[in-house]
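S.K.: Sequence unavailable; structure follows:
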């Protein structure tokens, strides 16, 4: 199992997969764990979001240093958070000249946590990182503003989950932490 992870880490770090079919194949090979529903659902979310991003000319870089079999979170909650954070990253980066989303799955054994880090380019440098979690608040025209509010509800129900939102001149970053 670790051999697979090391192999895929090298493949993803050395080259950017230009074609959806190729990337989807690697994602399925990596994320499909025998009978593991989190991995199955996560690969479906990532493949769907990759396809959407690809159609918009967004480059996605994926680094996976985490065994998806061992996530300490409910299947629905993980895939919901992953989907919402990816949708928001796609929406923000599609407006940029340089359209980039970096997705990292990794484990911090020292701090006993699993991490999902999604960072994306963005144009709205004035975005209020506290206000975006309010119910009904959206920076996008015609949207409901329920996505990050729903993530906040998932965080409130689980004492082992945390989300840090930061921004700098280049990237808007969401770090989702799962403690074990």
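M.R.: Noted; the coordinates are in hand. Because the structure is a prediction, the values reported are computed rather than measured. Numbering: from 1, shown residues only.

S.K.: And the helices in the chain, which stretches?
M.R.: 2-14, 20-31, 37-55, 75-93, 147-157 (DSSP state H).

S.K.: by contact count, what packs against the third one?
M.R.: Right, the one you point to is helix 37-55. On a contact count with 3 or more Cβ pairs under 8 Å, 6 or more residues apart in numbering; DSSP states H and E, helix 37-55 meets helix 20-31, strand 59-65, helix 75-93. The C-beta positions use only the backbone N, C-alpha and C, and glycine is treated the same way.

S.K.: Quick one: list the elements packing against the last one.
M.R.: Counting contacts by 3+ Cβ pairs under 8 Å, 6+ apart, helix 75-93 packs against helix 37-55, strand 100-108, strand 113-121, helix 147-157, strand 171-179.

S.K.: Lowest mean pLDDT across those, which one is that?
M.R.: Mean pLDDT per stretch puts helix 37-55 lowest among the helices and strands packed on helix 75-93, at a mean of 86.

S.K.: okay but residue 63 is in contact with residue 103, surely?
M.R.: Yes - counting by Cβ atoms under 8 Å, residue 63 does reach residue 103; the two are 7.3 Å apart.
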